[in-house]
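Chemist: okay, sequence plus prediction incoming.
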Amino acid sequence: MLRFILRRLGLALLVALTVSFISFSLLFLSGDPAIAIAGESANAEDVAAIRALYGFDRPMMVQYGDWLWHALQFDFGVSYYFRLPVADLISERLSVTMTLGVCGIVFALLTAVPLGVIAAIRPNSLIDRIALFLSVAGQAMPSFWFGLILIVIFAIQLRILPASGADTWQHFIMPTIVLGYYAMPAIMRLTRAGMLEVLSADYIRTARAKGASEGRVLFKHALRNAIIPVVSLAAVQMGFMLGGSIVVESVFALHGAGYLAWESIGRNDLPTVQALILVFALFYIVFTFLADVLNAWLDPRMRSA
Amino acid sequence: MTAFPDALEITGPTPGQQLRRRMFGHQGFMIGAVFLVLLVIIALLAPVLAPHDPYAQSLSNRMVRPVFMGGTWEHPLGTDHLGRDYLSRLIYGARVSLLIGAVAALISGTIGTALGVAAGYFGGRVDAVVTFLINVRLAMPVVLVALAVVAILGGSLSVVIGVLGLLLWDRFAVVMRASTLQIRGREFVAAARAVGCSTPRILLSEIMPNIVNNLIVVVTLEMAHAILLEAALSFLGVGVQPPTPSWGLMVSEGKNMMLFEPWLVLIPGAVLFVLVLAINLMGDGLRDVTAPENRN
């Protein structure tokens, strides 16, 4: 087990390093950042001065090493736009995104798992059909459009929910539904498939044969085994959702890290964008690592993989 | 003396016939296919079908309501904030969505299939490198990276297609790798190797025909994915640029008038939803039809 964890940890670190390099070089391609910072009225001397001040005149690898060294100490430089440390900006905004992400995944699990279980117990029933419809629709639903529809219904027509902002818990209801619905189909399908497979297993027949009640069979014997892959999928989905929250946050003007990313891209604020790509990637890497370890812990067969 | 049964009766329907029979009998697949074919025809015939020029502005005719909300048949789905005919823009928008979906899926499919088949067939180091690349790619937040790159290079149809094509190859690589792993150990591959077939020949004429069904399924699903992402990028203002009629852009332009004219947002989003739904239904159906043993 320890060997497994160490190997996965090494892999995760390598992935993180590669992502950091890609996100750095990606924005390096954007041409001369000094011109962007100096603004349109600057002359050649100003640009040269800024280039020297920020160190853009050094070779790319030196700049990357420097950036990485500081990033390891949670120093992502200074935002071109806010003139504030990027790390402070992000940590301030991240709490909103994390809240949204946690609410979203909880919403997704609370709807997907019961639906998936019922759908598996009664295949081809009405509830199975509804669950299938919800998951097919969810995969085709553009999340920005779904968000706008909710705003039209609940904020404009019924006037019971606020349309934008992040001041109260009511502000989080619609974003949670939109983000959660994005993660729901995959979780529901996996729950249903897992339950169907487990329910046809021999030990379930044995449990029934020895007279265990149906509820006990379903929850103690079946769901416990079917839920294992769902837990790790939920962790992976959580990583995806944080990255996908950009769209949802911009629809609801929720001032989280995703919204910050969108604004920063519009403002050409490279240090902030670089740091945010890295932060979102790290979240995904951490969540998938946790999912792998959890899987290996619950199911020893996975440790050899 | 009894008559010999017909040769056809003994062998039964060919696999191709069976496949076609299953396809026509699959409800989801047929619904999806009919809608998709319809939308493709509409996109191809856009110049014939569109009642107006999708770019022609008419400032005296701004935000005319659709016919079912009290408008006239002159503009069946009304006009937008610049007085452009909404139906015509929707029809031309189908071209943008389908083009982006198809070309992005083609690019990412080529990259992903090459990586996945190589990883599955050669195994060892090649596999380790490809698996690592897949992990790296999955860790990159797609929307954020696409936003950043499009913002740097400037939004245009070809940039959006290129970025999505270079980003969405992960599922191709994962599925093609797994499919190749299943095929690689089979007797006919060993036989081809034994008679001295070259590696490219084995890959192209022994491996590929056996995994092409899975490939087509992923192509459809990734096409839907690319279409949704383009719409999201255009909605955020860094995708296809105005005045090109893109459905995501139309939702974004209608957003400001949403309080009084919600149909400006509802109509293009609904069309987008139907297109993606149709492609997904077809993809799911194809998966059921080509691998009936994996249903559920």
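Modeler: Yep, it's here. Numbering: from 1, shown residues only, chains lettered A, B, ... in the order given.
Chemist: against B:Val160, how distant is B:Leu233?
Modeler: In this view, B:Leu233 and B:Val160 are 6 Å apart by C-beta to C-beta, to the nearest Å. C-beta here means a position set from N, CA and C on the backbone, and glycine is covered the same way.
Chemist: shared neighbours, these two?
Modeler: B:Val150, B:Gly239, B:Val240 (C-beta atoms under 8 Å, 6 or more residues apart in numbering or on different chains).
Chemist: any idea of the pLDDT on the first one?
Modeler: This means B:Val150. On pLDDT, B:Val150 comes in at 83.
Chemist: now it. Nearest residue, chain neighbours left out?
Modeler: Once flanking residues are discounted, B:Val150 sits nearest to B:Val238: 4.7 Å by C-beta to C-beta, 6 or more residues apart in numbering or on different chains.
Chemist: does the one you found touch B:Ala151 like I think?
Modeler: Yes: using C-beta atoms under 8 Å, B:Val238 makes contact with B:Ala151 at a distance of 5.1 Å.
Chemist: shared neighbours of these two, which are they?
Modeler: Common neighbours of B:Val238 and B:Ala151 (C-beta under 8 Å, 6+ apart) are A:Ile265.
Chemist: circling back: out of the shared contacts of B:Leu233 and B:Val160, which is nearest to B:Asp80?
Modeler: B:Val240 (15.5 Å; C-beta to C-beta).
Chemist: part of a helix, is that closest one?
Modeler: No: counting by DSSP: H, G, I helix; E, B strand; the rest coil, B:Val240 is not part of a helix but coil.
Chemist: how much space is there between it and B:Glu253?
Modeler: 12 Å.
Chemist: B:Ile207 now?
Modeler: From B:Ile207 over to B:Glu253 the distance is 47 Å, taken as C-beta to C-beta.
Chemist: now A:Thr176
Modeler: 27 Å.
Chemist: how about B:Ala102?
Modeler: Distance from B:Ala102 to B:Glu253, by C-beta to C-beta: 25 Å.
Chemist: what about these two, which has more around it?
Modeler: Using other C-beta atoms under 10 Å in any protein chain shown as the criterion, B:Ala102 and B:Glu253 rank with B:Glu253 on top: 22 against 16.
Chemist: got a pLDDT number for that one?
Modeler: At B:Glu253, the predicted lDDT confidence score is 88.
Chemist: please apply the same query to the one 10 residues further on.
Modeler: B:Trp263 is assigned a predicted lDDT (pLDDT) of 87.
Chemist: might you report the residue contacts of it?
Modeler: B:Trp263 makes contacts with B:Arg65, B:Pro66, B:Met69, B:Gly78, as judged by C-beta under 8 Å, 6+ apart.
Chemist: just the buried subset of the residues you listed, please.
Modeler: Neighbour counting with 16 or more other C-beta atoms under 10 Å in any protein chain shown marks B:Arg65, B:Pro66, B:Gly78 as buried within the contacts of B:Trp263.
Chemist: quick one: contacts for the second one?
Modeler: In other words, B:Pro66. B:His75, B:Pro76, B:Leu77, B:Gly78, B:Tyr86, B:Trp263, B:Ile267.
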